[in-house]
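[1] build me a model:
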Amino acid sequence: MLDPMSEMDEMFRLPALAGRGMNFAPAMDVYETDKAVVVETPLAGVSPDKVKVNVEKGVLTVQGESNKEREVDDKNYYRKEIRSGAFFRQVALPAAVLEDKVSAEFEDGMLKITCPKAPSAAPKKVAIKIVKKNKK
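    A predicted model of the protein is given here:
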């Protein structure tokens with residue numbers, strides 16, 4: 001089934017990336033557990049040392065580079081969807097996180113970023129002072 005929203009996202013995202021010299025934006029799954037916000041992105045064929053992960057002011061940034069060993073120009077492609085080159089993706093996190101405690105692990109071509117949630121601030125109770133006005 002076609003998802004018109006993802007098509008719109010792709011249409012608007014790719015021209016913006018081209019202006020930055022970026023070739024593609026990897027797909028991301030973002031979900032929340034009781035203790036963390038978790039982001040997963042497939043980066044098959046990308047060396048983990050070519051990936052940078054940063055969280056600042058509630059925004060997660062994943063960027064890096066995927067290099068093909070060599071491109072064969074004489075292939076007669078019917079379809080060419082495997083992307084290589086620079087990539088960049090940002091996503092606003094849905095909850096406040098402990099930015100200095102974010103961790104990332106790379107396994108079987110999948111980058112998993114775990115952002116521990118910040119303890120929510122307890123609601124502050126304010127005492128209300130009732131003042132009676134003197135009637136004249």
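
[2] C-alpha only now, for contacts and for neighbours.
    OK.

[3] list the contacts for Pro94?
    Val37 (C-alpha atoms under 8 Å, 6 or more residues apart in numbering).

[4] scratch that, Ser66
    Going by C-alpha under 8 Å, 6+ apart, the list of residues near Ser66 reads 45-47, 50, 83-87.

[5] now render the residues you listed as CSV, adding distance to Met28, neighbour count and pLDDT.
    Listed next are the contacts of Ser66 as CSV, based on distance: C-alpha to C-alpha, whole Å; neighbours: other C-alpha atoms under 10 Å; pLDDT from 0 to 100:
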residue, distance to Met28, neighbour count, pLDDT
Gly45, 16, 14, 83
Val46, 15, 20, 88
Ser47, 18, 14, 89
Lys50, 18, 12, 91
Arg83, 16, 15, 69
Ser84, 17, 16, 74
Gly85, 18, 14, 82
Ala86, 16, 19, 89
Phe87, 13, 20, 91
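
[6] tell me the two of the residues you listed that are most distant?
    Largest separation among the contacts of Ser66 by C-alpha to C-alpha: Lys50 and Arg83, giving 15.1 Å.

[7] host element of the residue nearest the centre of the chain?
    Centroid check for the chain by C-alpha atoms, centre = their mean gives Val91 as the closest residue, at 3.9 Å. Val91 is part of strand 85-92 when elements are defined by DSSP states H and E.

[8] same question, Val131
    Using DSSP H and E, Val131 falls outside every helix and strand.

[9] phi first, then psi, for it.
    phi -120, psi 130 (degrees, to the nearest 10).

[10] tally of neighbours for it?
    For Val131, the number of neighbouring residues by other C-alpha atoms under 10 Å comes to 6.

[11] which residue, other than its chain neighbours, is closest to Ala36?
    Once flanking residues are discounted, Ala36 sits nearest to Pro116: 4.2 Å by C-alpha to C-alpha, 6 or more residues apart in numbering.

[12] the helix or strand just after the strand holding Val91: partners in the sheet, and parallel or antiparallel?
    The helix or strand immediately downstream of strand 85-92 is strand 103-107, counting by DSSP H and E. Paired neighbours of strand 103-107 in the sheet (DSSP bridges): strand 110-116 (antiparallel).
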